[in-house]
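J.: Sequence plus the predicted model coming up.
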There are 2 protein chains.
Amino acid sequence: MNSNGIIAVVSGFAGTGKGTVMKKLVEEYDHYALSISMTTRTPRPGEVDGREYFFTDEESFTKAVKEDKLIEHACYCGKYYGTPREYVDKQLQNGKDVLLEIDIQGALQIKQRFPDSYLIFIMPPSSEELVRRLKGRGTETDEQIKNRLKRAGEESEGIEKYDAIVVNEDIAECASDINRLIEASRFRPSHNEDFIRSVREGIRSL
Amino acid sequence: MNSNGIIAVVSGFAGTGKGTVMKKLVEEYDHYALSISMTTRTPRPGEVDGREYFFTDEESFTKAVKEDKLIEHACYCGKYYGTPREYVDKQLQNGKDVLLEIDIQGALQIKQRFPDSYLIFIMPPSSEELVRRLKGRGTETDEQIKNRLKRAGEESEGIEKYDAIVVNEDIAECASDINRLIEASRFRPSHNEDFIRSVREGIRSL
């Protein structure tokens, strides 16, 4: 069987706590590397270049896209977001599983480019709980919450395109579920093409 | 999330030990029920009606197909094989996961009828090992072994249509792998349609 790393995409509505779950995953299991996206949006207070994001301008971003240096990119609220190829390649070569925390536009690009990537959608326990969490943050206006819910409604259209859904009721449990799903994803035929081919050709040559 | 049982299909070449692995699964984990197929082939020495198979004649088999009492059926070497619906329904209602040990013809029928079924293909560690195991049985002629390998070559065409492959190197390990895969398969969107719908509609109604 194939022991190469997996590209695992994790998406989810704002307010489902996916950032916290990703942090937990990387802390708990040392075979994960968390990819850092490139973006043209301005840093929020406390965000550090090269930690939360690689902050850049539109010209450099467009250049990176043209030179095929991003394995996916998407536009959201007039700002660009993308995943630099170099980091992902390096981590996969080191035998790591690479986690991408990106939205559905990017997720579907990844699936198309890397058919053995694995897409996970983090769900809130219920729509009521999602609202409670968004309001509980206390950092957003009613208008912003309304916008996030509108976007969540749109994003929810694509859930069936993911390989798995996970409910985030408890962070540790959710991280453990995701880890077990990624482990199981190594058994997919799309991740074991060389092995399947070798057995098939072996049988036929007998 | 959906706590209903899963229909898990297990296929594999003759000689991969899938029968032994299935027995191990049922022994080790009490949430599995092993479906018994109906067949028109004659019982082999030691086989008991209702244990290995439900043995029947062609007329009764055809009648069962016509009355939609089989959820899949296939013809192999001039003999019919099928899975009675009643047992599967009953076990699913009891919250069990139902294991079907059937070939690829049947597996694809199951996938079509039950989109949230889960298909597993048991692989030998290598083609050489498959031959060793077939010869090691000591029960078959060279001609029979040749036929089994020919059929394995044909069956191997369909492996990519399965959800997962598992290598049977060690019976206990293989059974444990299969159990973990079936557990992970509960997280697929196709197994959680009602939950996804309820969250989606909940968000939209806000």
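T.: The structure has been received and is ready for your questions.
J.: And A:F187, how far from B:D163?
T.: The gap separating A:F187 from B:D163 is 8 Å, by C-beta to C-beta, to the nearest Å. The C-beta positions use only the backbone N, C-alpha and C, and glycine is treated the same way.
J.: for A:R188, same thing?
T.: 7 Å.
J.: swap in A:V131?
T.: Going from A:V131 to B:D163 by C-beta to C-beta gives 35 Å.
J.: repeat for A:K23
T.: Distance from A:K23 to B:D163, by C-beta to C-beta: 30 Å.
J.: Enumerate every residue touching the nearest residue to A:S185 once chain neighbours are set aside.
T.: In this structure, A:S185 finds its nearest non-sequential neighbour in A:Y118, 4.1 Å apart by C-beta to C-beta, 6 or more residues apart in numbering or on different chains. Shown in contact with A:Y118 (C-beta atoms under 8 Å, 6 or more residues apart in numbering or on different chains): A:I6, A:I7, A:A8, A:V9, A:D163, A:A164, A:L181, A:I182, A:S185, A:R188.
J.: How is the third one assigned, secondary-structure-wise?
T.: Three-state assignment for A:A8 (DSSP: H, G, I helix; E, B strand; the rest coil): strand.
J.: That one bridge partners, please.
T.: A:L99, A:Y118 (DSSP bridges).
J.: Surely it and A:V98 touch.
T.: Yes: if you go by C-beta atoms under 8 Å, A:A8 and A:V98 touch, sitting 7.1 Å apart.
J.: in what helix or strand does A:E47 lie?
T.: A:E47 is part of no helix or strand, with elements assigned from DSSP states H and E.
J.: Quick check, pLDDT for it.
T.: You'll see A:E47 listed with a pLDDT of 92.
J.: Look up how far A:G19 lies from it.
T.: The value you get for A:E47 to A:G19, if C-beta to C-beta is used, is 12 Å.
J.: what does A:I165 give?
T.: Per C-beta to C-beta, A:I165 is found 18 Å from A:G19.
J.: before we move on, what about A:A107?
T.: 16 Å.
J.: The two: which has the busier surroundings?
T.: Using other C-beta atoms under 10 Å in any protein chain shown as the criterion, A:A107 and A:G19 rank with A:A107 on top: 23 against 13.
J.: List the contacts of that one.
T.: A:V9, A:S11, A:E72, A:L100, A:L119, A:G158, A:K161, A:Y162.
J.: Also near chain B: which of these, exactly?
T.: Among the contacts of A:A107, proximity to chain B is found for A:Y162 (C-beta under 8 Å from any C-beta of the partner chain).
J.: which one of the contacts of A:A107 has the most neighbours?
T.: The residue in the contacts of A:A107 with the most neighbours, by other C-beta under 10 Å, is A:V9 (29 neighbours).
J.: wait, doesn't that residue sit right on A:S117?
T.: Yes: counting by C-beta under 8 Å, A:S117 is a contact partner of A:V9 at 6.1 Å.
J.: which neighbours do these two share?
T.: With C-beta under 8 Å, 6+ apart, A:V9 and A:S117 have common neighbours A:I110, A:K111.
J.: Between A:K23 and B:D163, point out the one with more neighbours.
T.: B:D163 (21 against 14).
J.: okay, now A:F195: neighbour count?
T.: A:F195 sits with 18 neighbouring residues when counted by other C-beta under 10 Å.
J.: The closest residue to it other than its chain neighbours: what's it in contact with?
T.: Nearest residue to A:F195, sequence neighbours excluded (C-beta to C-beta, 6+ apart): A:M1, at 5.7 Å. Listed by C-beta under 8 Å, 6+ apart, the contact set of A:M1 reads A:R186, A:F187, A:N192, A:F195, B:I165, B:V167.
J.: One more: A:E72?
T.: Shown in contact with A:E72 (C-beta under 8 Å, 6+ apart): A:G82, A:T83, A:L100, A:I102, A:Q105, A:G106, A:A107, A:Q109, A:I110, A:R113.
J.: Give the full set of residues in contact with the fifth one.
T.: By that I understand A:Q105. Going by C-beta under 8 Å, 6+ apart, A:Q105 touches A:E72, A:A74, A:C75, A:Y76.
J.: Secondary structure and pLDDT added to those residues, as a markdown table?
T.: Listed next are the contacts of A:Q105 as a markdown table, based on DSSP: H, G, I helix; E, B strand; the rest coil; pLDDT from 0 to 100:
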| residue | secondary structure | pLDDT |
| --- | --- | --- |
| A:E72 | strand | 96 |
| A:A74 | strand | 92 |
| A:C75 | strand | 89 |
| A:Y76 | strand | 82 |
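J.: Please identify, among these, the one with the most neighbours.
T.: Counting by other C-beta under 10 Å, top hit in the contacts of A:Q105: A:E72 with 24 neighbours.
J.: now that one, which residues is it bridged with?
T.: Using DSSP bridges, the beta-bridge partners of A:E72 come out as A:T83.
J.: again, but for the one 4 residues further on
T.: Partner residues in beta bridges with A:Y76: A:K79, with DSSP bridges as the criterion.
J.: Quick check: neighbours shared by A:F187 and B:D163?
T.: B:L181.
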